[in-house]
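Enquirer: model this:
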Amino acid sequence: MEEAGLTKAERALLDYVKLITEAAHRSTPEDVQKLRDVGWKEEQIAEAVYVVALFAFFNRVAVDREAGTIVWPNGLDLDPDMLYEAAHDTVVGQHREG
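Expert: Reported below is the predicted structural model:
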């Protein structure tokens with residue numbers, strides 16, 4: 001990456017994005033402060049985090065079209081209707097057995 005001609009701010013942002021992509025739980029307030037220190041604004045930092053989170057979601061979640069469920073890499077299999085119902089105390093769809 002050294003040959004890419006990145007600014008110090010760009011390099012800091014890429015380092016942070018790598019950190020939150022690989023191990024978001026290791027991110028600290030000091031990591032975010034490093035971004036502020038090289039000129040990134042709160043809105044820009046937030047936007048980078050949103051993009052990484054969305055990318056991670058789309059690359060780690062699959063849809064089982066036959067069962068009509070969302071499947072996570074750890075094998076958890078969720079029915080979107082049941083999630084909605086649990087959050088809104090209502091019934092919206094037919095539940096699939098089994």
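
Enquirer: per-residue pLDDT, the residue nearest to residue 64 when sequence neighbours are not counted?
Expert: In space, residue 64 comes closest to residue 71 once its chain neighbours are excluded; the distance is 5.2 Å by Cβ to Cβ, 6 or more residues apart in numbering. For the C-beta atoms, the positions are set from N, CA and C on the backbone; glycine is no exception. Predicted confidence (pLDDT) for residue 71: 77.

Enquirer: can you check residue 29 too?
Expert: 96.

Enquirer: count of neighbours near it?
Expert: 7 (other Cβ atoms under 10 Å).

Enquirer: residues contacting it?
Expert: Contact partners of residue 29, counting by Cβ atoms under 8 Å, 6 or more residues apart in numbering, are absent.

Enquirer: ditto for the one 3 residues further on
Expert: Residue 32 makes contact with 16, 45 under the criterion Cβ under 8 Å, 6+ apart.

Enquirer: element containing it?
Expert: helix 29-37 (DSSP states H and E).

Enquirer: name the residues that touch stretch 12-28?
Expert: Contact with stretch 12-28 is made by 1, 6, 31-32, 34-35, 38, 40, 45, 48-49, 52, 55-56, as judged by Cβ under 8 Å, 6+ apart.

Enquirer: and the least confident of those?
Expert: Lowest pLDDT among these: residue 1, with 59.

Enquirer: show me how this protein divides into domains.
Expert: 2-60, 61-98 (automatic domain parsing).

Enquirer: least confident of these, on average?
Expert: Among the domains of the chain, domain 61-98 carries the lowest mean pLDDT, a mean of 71.

Enquirer: now it: buried residues?
Expert: Using 16 or more other Cβ atoms under 10 Å as the test for burial, domain 61-98 gives 69, 79, 81.

Enquirer: chain center to it, what's the gap?
Expert: 19 Å (Cα atoms, centre = their mean, to the nearest Å).

Enquirer: could you give the bridge partners of the residue nearest to residue 64?
Expert: residue 62, residue 77 (DSSP bridges).

Enquirer: understood, closing this out.
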